[in-house]
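[1] Below are the sequence and a predicted model for it; my questions follow.
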Amino acid sequence: MSRMIFVNLPVENLDKSVDFFTQLGFTFNPQFTDESATCMILSDQAFVMLLVKDRFSDFTNKQIADTSTTTEAIFAISAESRDEVDEIVDKALAAGGQRSNDPMDEGFMYGWSFQDIDGHLWEVIWMDPSGPQS
């Protein structure tokens, strides 16, 4: 069985978050979108629910992490090429995101990371399909 994944992220301003991720090339499912939430499509098996903080709080009794001082997770997404890694991160930075780490080049694997406008950490990674060379 192939499993789907739905990551839920709290955001300050849903419209601004939608605009940010739209500039990176992502689309949204209108069936799961209202004034408090939207479903960002990563692939046919992976989705990110962006929820305004009040709505996000409906799903947990814990405090929402303060992303200015705490890392709740690092969300890694794949890219089809090294160039696409750079393109996505460059778009994120141009759309108001912040640099997280410098690019990492392991030869067979290349990645770069950014923080979105709510401080969530995103890693964009390309891996050579032939794997590490010995």
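    That came through fine. Not measured: the values here are computed from a predicted model.
[2] which strands and helices sit next to the longest helix along the chain?
    Longest helix in the chain, counting residues (DSSP state H): helix 82-94. Where contact means 3 or more Cβ pairs under 8 Å, 6 or more residues apart in numbering; DSSP states H and E, helix 82-94 is packed against helix 14-23, strand 109-115, strand 121-127. Placement of C-beta: from N, CA and C, glycine included.
[3] how does the protein divide into domains?
    Split into domains by automatic domain parsing, the chain comes to 1-56, 71-134.
[4] Span of the shortest one from start to end?
    So that's domain 1-56. 29 Å (Cα to Cα, to the nearest Å).
[5] what's the average pLDDT for that domain?
    Domain 1-56 shows a mean pLDDT of 96.
[6] What of the longest one?
    On average, the pLDDT along domain 71-134 is 94.
[7] Could you give the separation of it from the chain centroid?
    10 Å (Cα atoms, centre = their mean, to the nearest Å).
[8] Repeat that for the shortest one.
    Between the mean C-alpha point of domain 1-56 and the mean C-alpha point of its chain there is a distance of 9 Å (Cα atoms, centre = their mean).
[9] Can you convert the domains of the chain into JSON lines and add a column each for distance to A65 and mean neighbour count?
    As requested, these are exported to JSON lines (distance: least, Cβ to Cβ, whole Å; neighbours: other Cβ atoms under 10 Å):
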{"stretch": "domain 1-56", "distance to A65": "8", "mean neighbour count": "15"}
{"stretch": "domain 71-134", "distance to A65": "4", "mean neighbour count": "15"}
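[10] Columns distance to Q63 on top of these, output as CSV?
    CSV is the format used below for the domains of the chain (distance: least, Cβ to Cβ, whole Å):
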stretch, distance to Q63
domain 1-56, 11
domain 71-134, 11
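[11] and I64, which of the ones you listed is closest to it?
    Among the domains of the chain, the nearest to I64 by Cβ to Cβ is domain 1-56 (5.0 Å).
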